[in-house]
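Engineer: Fold the following for me, if possible:
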Amino acid sequence: MRQVRKAIFPVGGLGTRFLPATKALPKEMLPVVDMPLIEYAVEEARAAGIEEFIFVTGRGKTAIQNHFDSHIELETTLRDRGREDALTLLNGRKPEPGQIAFVRQMEPLGLGHAVWCARNFVKDEPFAVLLADDLIMSDRPMLQEMVAIHEETAGNVVALMEVAREDTARYGVISPGEDDGHTVEVLDLVEKPDPADAPSNLAIVGRYILQPEIMDYLGVGTRGAGGEIQLTDSMVKLIGSDPFTGVRITGTRFDCGTKLGFLEANVAYALRRTDMGSDVRERLRALLDQ
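Structural biologist: All right, here's what the predicted structure looks like:
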């Protein structure tokens, strides 16, 4: 069994739902409390044992690259001012040289195309895909749990959550087989099905472990829903050749691709903080009483 050492982060989207905030700032750099969305995804991958971080970017995304780079002037200023706490905070999250790579998508042709753009970095190894918009708050990092399943099955693994039947048209939805309440055998996949035709209400949410053979299918460039190269369409072709397992998320998923989900995530993460949780709770009560 090959270890999952690499993770792809598709970050090429324009973030139009958050305009004007995302006119000059990538949506993945929007902060949840005091850490950008993309860093939550990277920290989750690091906790799962990921060693190489591959970002698939687009125009105007240099802030992401700068965020994970050294900032000599800032580090010097913090050191001169005796701010060792802040300096440790910055350096403790910085990837090692050679661990991080960036590749341009160039054309907005969908998630499947974004993943395919990283093919030369993935080569012949299984890899993870993390969507920063899907922020999952849990005691055990979701990708860590999925890597453990991959170590048992040596197959493909996706994160699942139950959604309302009328919302299935927004997700990739699985056709389930054996189900023990936590892991589910995946028999088929459908991208954004009409609710009346959806095979279940189990939707894939933002975390994948995939075998490298999927790159061959993605490379064909077949367009699917919305005229884009859908990752789900190529994932279907992996079913039968390797085990394919869905894992229900054990925490709370916030859809930070929407304003409401993003605001909810900020509140939830702030309430969990020992340095501000009680103050946030008090101020929320005051606002609600107005």
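Engineer: When you work out contacts or count neighbours from here on, use the C-alpha atoms and nothing else.
Structural biologist: Noted.
Engineer: ok, G261 - contacts?
Structural biologist: Residues in contact with G261 (Cα atoms under 8 Å, 6 or more residues apart in numbering) are 254-255.
Engineer: does it belong to a helix or a strand, and which?
Structural biologist: Using DSSP states H and E, G261 sits within helix 259-272.
Engineer: Can you show me the strands along the protein?
Structural biologist: 6-10, 31-32, 35-36, 52-57, 100-104, 127-130, 134-137, 156-162, 172-179, 183-191, 202-210, 244-248, 252-255 (DSSP state E).
Engineer: quick check, distance from the last one to the centre of its chain.
Structural biologist: Strand 252-255 has its C-alpha centroid displaced from the chain centroid by 11 Å (Cα atoms, centre = their mean, to the nearest Å).
Engineer: count of neighbours near the nearest residue to R253 once chain neighbours are set aside?
Structural biologist: Leaving aside its sequence neighbours, R253 sits nearest to I136 (Cα to Cα, 6 or more residues apart in numbering; 4.3 Å). Look at I136: counted by other Cα atoms under 10 Å, it has 26 neighbours.
Engineer: mind listing what I136 touches?
Structural biologist: I136 neighbours (Cα under 8 Å, 6+ apart): 142, 251-254.
Engineer: Format the strands of the chain as CSV; extra columns: distance to F18 and mean pLDDT.
Structural biologist: What follows is those, written out as CSV (distance: least, Cα to Cα, whole Å; pLDDT from 0 to 100):
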stretch, distance to F18, mean pLDDT
strand 6-10, 18, 97
strand 31-32, 13, 96
strand 35-36, 14, 94
strand 52-57, 18, 96
strand 100-104, 22, 94
strand 127-130, 20, 98
strand 134-137, 15, 96
strand 156-162, 25, 96
strand 172-179, 23, 93
strand 183-191, 25, 93
strand 202-210, 19, 95
strand 244-248, 29, 96
strand 252-255, 13, 96
